[in-house]
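Asks: coordinates only, sequence not included:
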């Protein structure tokens, strides 16, 4: 068992597009910034043989979950993978959180199988930050774990997201927006309209601070602290944000050799675009939380470099040190009467199913 004053993270060092070349370098940077932290480095022994820091203990694994492995293979056949063993460190109490840049679907499936979901939660969700024009980040969920969501699922996401922001941003009453095609209450499909009703009810009971409907541009304007949506929409928004940063980076690195006028335009535009690129750099917001599990798991982007993976480690560390798991459980417990009422309505429908 780790010392109560020491935060220990279990790191899947084999996950992601780059594996130990990036993860180990990021772990060294992380330990340099956190003298009280400890790491459990999970991976193939031969790949981690160069590690020397005594604050990082190697946990040997014999298998690796590939980025294109089917969930069934990762979950049922690769039981000694670095991903699974990292999550098991959390279940066993050897680590307070696990971090992986591996296959998202496999990570969610294994984490759900090993750790199980919290009472009152039907589906875990992926929650991450999107850069906004205020200089901070808008927390958004779900980012891809659940394509089809019921209004009850979206309500659970809102409650869990509120707990996440209250811990990581020290904001006890974060605002929640429901992503829609317009701000008006009458807008949206039946699922969105019903979700809006539930979120307004939860706001009246003090379970969350519901702002109302928001549109896609509100994510980047920073209109609310949290934006709730299904995983299909959330993942599209995430990829669009990353694509914007990449496009600006490509523009800044391009050579403007056609004429003196394009060179001059680039010269004057460079400082503004460079500052904007830094603001929307997805590496500064890397590290999405898998919320709703009985343990902390953070997902890094698969293509993360050293800076991005270190950011994911930092977010996992902050979540563990501020008892995010306890805060989520407390929020869910507070909302239990409302959630239980919804489950009761589903169990005894007033209109028989055909």
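Replies: Noted; the coordinates are in hand. Quantities reported herein were computed from a predicted structural model and do not represent experimental measurements.
Asks: CA atoms for contacts and neighbours, from now on please.
Replies: OK.
Asks: So residue 150 versus residue 67, what's the distance?
Replies: Remark: distance between residue 150 and residue 67 (Cα to Cα, to the nearest Å) = 29 Å.
Asks: which of these two has more neighbours?
Replies: residue 67 (16 against 13; other Cα atoms under 10 Å).
Asks: does that one sit in a helix or strand, and which one?
Replies: In the assignment (DSSP states H and E), residue 67 maps to no helix and no strand.
Asks: The residue nearest to it when sequence neighbours are not counted: neighbouring residues, count only.
Replies: Once flanking residues are discounted, residue 67 sits nearest to residue 103: 4.7 Å by Cα to Cα, 6 or more residues apart in numbering. If you count neighbours by other Cα under 10 Å, residue 103 ends up with 24.
Asks: Make sure residue 103 is actually in contact with residue 16.
Replies: Yes: here residue 103 lies in contact with residue 16, judged by Cα atoms under 8 Å, at a distance of 7.3 Å.
Asks: hey, what's in contact with both of those two?
Replies: Here residue 103 and residue 16 have 67, 302 as joint contacts, going by Cα atoms under 8 Å, 6 or more residues apart in numbering.
Asks: and the spatially most central residue of the chain, what does it touch?
Replies: For the chain, the residue sitting closest to the mean C-alpha position, by Cα atoms, centre = their mean, is residue 288 at 1.6 Å. Residues in contact with residue 288 (Cα under 8 Å, 6+ apart) are 126, 127, 128, 129, 298, 299, 300, 312.
Asks: Restricted to helices, list these.
Replies: Using DSSP state H to define helices, the subset of the contacts of residue 288 located there is residue 312.
Asks: Need the contacts of residue 288 in TSV (columns: neighbour count, pLDDT and distance to residue 206).
Replies: TSV is the format used below for the contacts of residue 288 (neighbours: other Cα atoms under 10 Å; pLDDT from 0 to 100; distance: Cα to Cα, whole Å):
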residue	neighbour count	pLDDT	distance to residue 206
126	27	96	24
127	29	96	22
128	26	93	24
129	25	91	24
298	28	97	28
299	26	96	30
300	28	95	32
312	28	96	31
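Asks: What is the nearest of the contacts of residue 288 to residue 72?
Replies: Checking the contacts of residue 288 against residue 72 with Cα to Cα, the nearest one is residue 299 at 19.2 Å.
Asks: Dig out what the closest one forms beta bridges with.
Replies: Note on residue 299: beta-bridge partners by DSSP bridges are residue 100, residue 288.
Asks: Contacts for stretch 144-154, please.
Replies: Outside stretch 144-154, the residues touching it (Cα under 8 Å, 6+ apart) are 105, 108, 122-126, 191-192, 194-195, 198, 228-235, 339, 342.
Asks: One more pass at 6 Å, please.
Replies: With contacts defined as Cα atoms under 6 Å, 6 or more residues apart in numbering, stretch 144-154 is touched by 125, 191, 195, 230, 231, 232, 235.
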